[in-house]
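Enquirer: Give me the fold of what follows.
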Amino acid sequence: MGRDVVALRIPAPSTLALILVSAIGVVSFGWPLLAQPDSALAHSADAPWLFAGLLPLLLLIVLAQLTEGRMDAKTIALLGVLAALGTGLRMLGGGGGGFEPAFFLFVVAGRALGPGFGFVLGQLTLLASALVTGGVGPWLPFQMMAAGWIALLAGLLPPLRGRAEVLMLAGYGAVAGLLYGILINLWFWPFVSFADTGISFVPGDPITSNTVRYGAFLLATSLGWDLIRAAVTAMLCLVAGPPVLSALRRAARRAKFDASVPASRQAAVANPPAHPVEE
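Expert: Predicted coordinates for the structure are as follows:
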């Protein structure tokens, strides 16, 4: 069973950077619910600033992993391959009708390769797919954050194995599919529901009142797509989860994700210096 523990560990610098990025995300998604009537700003104005601040913090996570010796060339190559695969899956689904198979990859990669790796993978995949398809806009930082959280939480699930693990991932995949839709709708809801209706955001109202209106907004708009995303993710976890998890864990072992010795020391052990010639 020891060979199953191959997830990339998160050293302290990466943990702090990840917490900082997530804190920015929580505030960015949730501040409209706490905003006063005269303090609301359009996300079309503040999102570019969030985007500019998010990417350096994302790079900080990767650099922290590198300086701790936890990510070698094989690990970085695996990250690139999976991000490219996720981009292809996202383009295949196109988001139409809620069919988004890329979320299956986020779940199993976060589970097999660790929360830190999954967080970076989710964000890089959304960034790459947006650049390829021309989908860059004020919504992109929020999509990146939500996808990163989904993969991160998958890596923090209880350490089950076998059929229990697959069922757990399927259940989580269903919840994650719904959660993504809830988060993405939340960022723009206050700015598309100007009319005084039962689904409109009311600045300054109690959180409970706005939460009820937001639930009605979800029912009236994207819940159908979110349910399809949840069902597709759960089904893929059940059908393709076991072989994909096995493949990712084999790749992780080859990349030495579970190595407790820094990469520089591994290299020194593998290639010891020649003994000096005595005169």
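Enquirer: Now stretch 163-183: buried residues?
Expert: 165-166, 168-170, 172-174, 176-183 (16 or more other C-beta atoms under 10 Å). (C-beta placed from N, C-alpha, C; glycine too.)
Enquirer: can you tell me which of these lies nearest to V212?
Expert: I182 (14.2 Å; C-beta to C-beta).
Enquirer: The closest one contacts L218, correct?
Expert: Yes - counting by C-beta atoms under 8 Å, L218 is a contact partner of I182 at 6.8 Å.
Enquirer: contacting residues for A102?
Expert: Contacts were defined as C-beta atoms under 8 Å, 6 or more residues apart in numbering; by that measure A102 touches 86-87, 89-90, 93, 125, 129.
Enquirer: out of those residues, which one sits closest to D226?
Expert: After measuring the contacts of A102 against D226 - C-beta to C-beta - the closest member comes out as G93, at 13.7 Å.
Enquirer: State the three-state secondary structure for G198.
Expert: Three-state call for G198 (DSSP: H, G, I helix; E, B strand; the rest coil): coil.
Enquirer: Then the one 3 residues further on?
Expert: Secondary structure of F201, reduced to three states by three-state DSSP: coil.
Enquirer: Quick check, pLDDT for the nearest residue to it once chain neighbours are set aside.
Expert: In this structure, F201 finds its nearest non-sequential neighbour in P190, 3.9 Å apart by C-beta to C-beta, 6 or more residues apart in numbering. According to the prediction, P190 has pLDDT 75.
Enquirer: Distance-wise, check P190 relative to S246.
Expert: As for P190, its distance to S246 is 44 Å (criterion: C-beta to C-beta, to the nearest Å).
Enquirer: what does L121 give?
Expert: 18 Å.
Enquirer: Looking only at neighbour counts, state which of these two leads.
Expert: For L121 versus S246, the count of surrounding residues by other C-beta atoms under 10 Å is larger for L121: 26 against 11.
Enquirer: Helix, strand or coil: sort out the more buried one for me.
Expert: helix.
Enquirer: Tell me where the stretch 101-250 of the chain has helices.
Expert: For the stretch 101-250 of the chain, helices defined by DSSP state H, counting those that start in this stretch occupy the ranges 102-113, 115-133, 140-155, 163-188, 207-220, 223-254.
Enquirer: Just name whatever secondary elements the fourth one is in contact with.
Expert: If I follow you right, that is helix 163-188. When contacts are defined as 3 or more C-beta pairs under 8 Å, 6 or more residues apart in numbering; DSSP states H and E, helix 163-188 sits against helix 12-34, helix 102-113, helix 140-155, helix 207-220, helix 223-254.
Enquirer: quick one: low-confidence ranges for the stretch 51-200 of the chain?
Expert: Residue ranges of the stretch 51-200 of the chain with pLDDT under 70: 51-56, 58-72, 93-98, 193-195.
Enquirer: still on that earlier bit, quick check: neighbours shared by I182 and L218?
Expert: Counting by C-beta under 8 Å, 6+ apart, the residues touching both I182 and L218 are D226.
Enquirer: can you list the helices of the stretch 101-250 of the chain in TSV and add distance to I76?
Expert: What follows is these, written out as TSV (distance: least, C-beta to C-beta, whole Å):
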stretch	distance to I76
helix 102-113	12
helix 115-133	10
helix 140-155	17
helix 163-188	25
helix 207-220	38
helix 223-254	13
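Enquirer: does L160 really touch L169, like I thought?
Expert: No - using C-beta under 8 Å as the test, L160 is too far from L169 to be in contact (9.0 Å).
Enquirer: Secondary structure element holding the closest residue to P101 other than its chain neighbours?
Expert: Counting by C-beta to C-beta, 6+ apart, P101 lies nearest to L89, which is 4.7 Å off, once chain neighbours are set aside. Using DSSP states H and E, L89 maps to helix 73-93.
Enquirer: Which neighbouring elements make contact with that helix?
Expert: With contacts defined as 3+ C-beta pairs under 8 Å, 6+ apart, helix 73-93 has these neighbours: helix 102-113, helix 115-133, helix 223-254.
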